[in-house]
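Asks: Here is my input, please return the structure:
(4 chains)
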There are 2 protein chains.
Amino acid sequence: MRILDAATSLFERQGAHGTTIRQIADAARVNSQLIYYYFGDKAGLFRAMLQRAAERVGALLANMQRAEGTPRERLFSFVSDWVRVTLAEASTIRILHRALLEGDENFGAEVKAYSVTHAAAISALIEEGIESGDFRADLDPRRAVASLVGMVQYLALAEPILIAPKSVRPSETEEMAKHTAELFVRGLIAAR
Amino acid sequence: MRILDAATSLFERQGAHGTTIRQIADAARVNSQLIYYYFGDKAGLFRAMLQRAAERVGALLANMQRAEGTPRERLFSFVSDWVRVTLAEASTIRILHRALLEGDENFGAEVKAYSVTHAAAISALIEEGIESGDFRADLDPRRAVASLVGMVQYLALAEPILIAPKSVRPSETEEMAKHTAELFVRGLIAAR
DNA sequence: GTCTATAATCAGATAGAC
DNA sequence: GTCTATCTGATTATAGAC
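Replies: Okay, here's the model as predicted:
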């Protein structure tokens, strides 16, 4: 829908407080009253916009295929898939971070719950690797997860900061996925 | 100054658009007109507030002592120091990220320039390690820097999201510094 | 330097015609 | 469903007394 697209684009750049109903209406080339007709009020519009964003990323993450093999192989595959999804949906991920930052009360809880589940899955995979002897015994899985989340998520956040958006070519995505997975997994494995 | 402290605290939670002059005046327990007297207008206030924040972090980063030893040892020391600074000034760092996100035009350029210099220093250290044979020859230093920046910076951003602020005890800081440095350096070193 | 108005603007939201 | 007109409240900012 044009209204949600316009709201998304403006919210990404300006946040909810910085974006007016009229800006959105102009960008979507509709009358501003149509927004009230569909969404009730400004909060309702952003709720719908964020829900769409969360579903989009949630679906992609849920569809990441569970690989076979050793914990090390599965982790490598998991991380590189995650980087691919993150770069492909960088804009959407920025929006979700922004929403968390702006402290959208009840919405935040939903995304946080999702993040915790996701983090727990990675943590379990790491613990498995520690028990199998693949990974270092001195690792704290929780800390390792925190590092990984940062490494991956910051790619989306940094895109307009450190990296020029244009510079993310398809081949770059693939190389970044491989690089990140390699770096992280090597950081975990037990010294031979 | 009380006004800048209040502005900082409110900006961190609500952003510039979400924070009113009166909220700041009330929090600082001064008359709202005093803010115009000192800073001219709202933009001037936030400019002064951000400048103070940038100087604070900039000074801490500039004072990080340059260690001696192999690239590997220096990098370890550099990363663990950086994590310490980041966790100690997490709140200030969040503010700078928030300012970049909100797109404060000329301010953004300043912080970006600083980040680029910082990134170049790390990149040079990694290149040195590659040449000396300490680090993997297949590494792209630019990508490695991106991963490191994410791993470190996200600690500050995630504090209110993934990690409960209270949970960052002093000993945690030290362990997180060691963990991050260890993880990153191990990810870089050449297989034996 | 600090206060009390108050002007000027802007944004969210509603009413009601078509 | 879509438009114009308008209300209401909040917010930035100024004027001017003390």
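
Asks: Tell me which residue in chain A sits closest to DNA strand D.
Replies: Nearest residue of chain A to DNA strand D (Cβ to the nearest atom of the strand) works out as residue A:31 at 2.7 Å. Glycine gets a C-beta too; all of them are placed from N, C-alpha and C.

Asks: For the residue nearest to that residue when sequence neighbours are not counted, give me the pLDDT.
Replies: Leaving aside its chain neighbours, residue A:31 sits nearest to residue A:25 (6.3 Å; criterion: Cβ to Cβ, 6 or more residues apart in numbering or on different chains). For residue A:25, the pLDDT comes out at 97.

Asks: before we move on, the earlier item: backbone dihedrals for the residue of chain A closest to DNA strand D, both of them.
Replies: Main-chain torsions, residue A:31, degrees, to the nearest 10: phi -70, psi 140.

Asks: Distance of it relative to residue B:8?
Replies: 40 Å (Cβ to Cβ, to the nearest Å).

Asks: One more: residue A:170?
Replies: Distance from residue A:170 to residue B:8, by Cβ to Cβ: 41 Å.

Asks: Now do the contacts for residue A:101.
Replies: Contact partners of residue A:101, counting by Cβ atoms under 8 Å, 6 or more residues apart in numbering or on different chains, are B:15, B:98, B:101.

Asks: Please repeat the previous calculation with a cut-off of 10 Å.
Replies: By Cβ atoms under 10 Å, 6 or more residues apart in numbering or on different chains, residue A:101 lies in contact with A:15, A:108, B:12-15, B:94, B:97-98, B:101, B:157, B:160-161.

Asks: List the ones among the residues you listed that fall in helices.
Replies: Residues of those located in helices (DSSP state H): A:108, B:12-14, B:94, B:97-98, B:101, B:157.

Asks: how about the residues you listed in a markdown table, adding distance to residue B:85 and pLDDT?
Replies: A markdown table is the format used below for the ones in helices among the contacts of residue A:101 (distance: Cβ to Cβ, whole Å; pLDDT from 0 to 100):
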| residue | distance to residue B:85 | pLDDT |
| --- | --- | --- |
| A:108 | 27 | 78 |
| B:12 | 18 | 94 |
| B:13 | 22 | 92 |
| B:14 | 25 | 93 |
| B:94 | 14 | 94 |
| B:97 | 15 | 93 |
| B:98 | 18 | 92 |
| B:101 | 21 | 85 |
| B:157 | 15 | 93 |
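
Asks: Looking at the residues you listed, spot the one nearest DNA strand C.
Replies: residue B:14 (14.7 Å).

Asks: Tell me which residues touch that closest one, please.
Replies: Contact analysis of residue B:14 by Cβ under 10 Å, 6+ apart lists A:15, A:17, A:101-103, B:20, B:23, B:98.

Asks: tell me the contacts of residue A:185?
Replies: The neighbourhood of residue A:185, defined by Cβ under 10 Å, 6+ apart, consists of A:71-73, A:75-76, A:78-80, A:129, A:134-135, B:187.

Asks: Which helix or strand contains residue A:92?
Replies: Residue A:92 belongs to helix A:90-102 when assigned by DSSP states H and E.

Asks: Might you list the low-confidence residue ranges for chain A?
Replies: Along chain A, the model assigns pLDDT under 70 to residues A:105, A:160-167, A:192.

Asks: Spit out the contact partners of the residue nearest the centre of it.
Replies: By Cα atoms, centre = their mean, the mean C-alpha position of chain A lies nearest to residue A:93, the distance being 4.1 Å. The neighbours of residue A:93, taking Cβ under 10 Å, 6+ apart as the test, are A:53, A:56-57, A:85-87, A:152-153, A:155-157, A:159.

Asks: closest to DNA strand C among these?
Replies: Nearest to DNA strand C out of these is residue A:53 (Cβ to the nearest atom of the strand; 19.1 Å).
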